[in-house]
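Engineer: Okay, predicted coordinates and the sequence, questions at the end:
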Amino acid sequence: MDYSAPRTDVKPPPQQQPLQAVIIPVTPFQQNCSVIWCTATKRAAIVDPGGGTETILAAVRQHKVTVERILVTHGHVDHSGAVADLRDRLEGVPVDGPHIADRFLLDMLPKQGAGWGMPYARAFTPDRWLDDGDSVCVGEVRFDVVWCPGHTPGHVIFHHAPSEFALVGDVIFKGSIGRTDLPGGDHATLLHSIKHKLFPLGDGVTFLPGHGEISTLGAERMSNPYVGQAASGAGVTGLRRG
Ligand SMILES: [Zn+2]
Ligand SMILES: [Zn+2]
């Protein structure tokens with residue numbers, strides 16, 4: 001994988017790399033929207049467009065990729081507030097995800113947007129709700145879907161096993177985990193998702209979280225203060241986001 005920040009100046013990857021990505025921070029929460037594409041076909045997906053429609057479309061043009069779908073990890077407005085806009089602008093490109101348990105959040109997008117300073121947010125229904133065992137294809141690249149509830153009830157993550165890469169939204173961050181104080185959040189459920197669904201993907205998996213820096217599952221399994229081996233389960237301090 002090849003990443004860059006802010007992040008439209010990506011170097012061409014070696015031929016063998018099947019995926020390329022640019023990260024486009026959007027919304028007042030600096031959410032890591034990404035455009036990812038199959039290097040063989042230049043077919044792309046926009047992942048978690050919470051805002052920044054024009055910036056995202058500019059990145060798509062700059063890299064000369066063809067967007068074939070929009071992927072959504074969960075229904076918070078910083079991840080999904082611009083999905084309806086982009087679907088219109090891209091002539092009805094299909095939207096995949098989140099899990100149907102986040103339907104109430106998608107229905108609430110105008111209310112979320114009004115409350116969090118993203119008044120453009122519109123409600124939408126995806127073309128396809130996702131669940132464990134599903135896969136989504138971007139060009140010739142196939143991502144496995146893993147349902148990881150806790151931060152929201154319908155949060156999904158996208159895992160590309162051959163390149164050991166995952167897009168994890170607000171499930172886990174470098175040194176932190178997603179907040180669980182918003183509607184539908186549940187701390188115990190989130191811990192279970194991370195330990196029993198995310199970590200088993202393997203220590204070597206590099207992940208792009210919804211906020212902040214890239215990390216690996218192995219690094220977090222060792223040292224994350226909430227879910228790492230050193231976690232005491234009490235008295236943990238640190239910034240939780242989402
Ligand atoms: Zn977020
Ligand atoms: Zn969130």
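Structural biologist: The structure has been received and is ready for your questions. Residues are numbered from 1 along each chain as shown. Ligands and ions are numbered 1, 2, ... in the order given.
Engineer: Any stretches of the protein with poor pLDDT?
Structural biologist: 1-16, 232-239 (pLDDT under 70).
Engineer: Would you mind listing the buried residues in stretch 131-148?
Structural biologist: Residues of stretch 131-148 classed as buried: D131, D134, V136, V138, G139, V141, F143, D144, V145, V146, W147, C148 (neighbour count, 16 or more other CB atoms under 10 Å). (Glycine included, C-beta is placed from N, CA and C.)
Engineer: How about stretch 170-187?
Structural biologist: Result for stretch 170-187 [16+ other CB under 10 Å]: buried residues 170-180, 184-185.
Engineer: Among those residues, which ones lie close to ligand 1?
Structural biologist: D170 (CB under 5 Å from the ion).
Engineer: Ligand 2: which of the buried residues of stretch 170-187 is nearest?
Structural biologist: Distances from ligand 2 to the buried residues of stretch 170-187, taken as CB to the ion, are shortest for D170 (3.7 Å).
Engineer: can you list the residues that contact stretch 174-187?
Structural biologist: With contacts defined as CB atoms under 8 Å, 6 or more residues apart in numbering, stretch 174-187 is touched by 76, 101-102, 104-105, 149-153, 155, 169-172, 190-191, 194, 209, 212-215, 219-220, 223-227, 238-242.
Engineer: Mind checking which of those residues land in helices?
Structural biologist: F104, L105, L190, L191, A219, E220, S223 (DSSP state H).
Engineer: can you tell me how far the second one sits from P153?
Structural biologist: Using CB to CB, to the nearest Å, one obtains 8 Å as the distance from L105 to P153.
Engineer: Looking at those two, which has the bigger crowd around it?
Structural biologist: L105 (25 against 22; other CB atoms under 10 Å).
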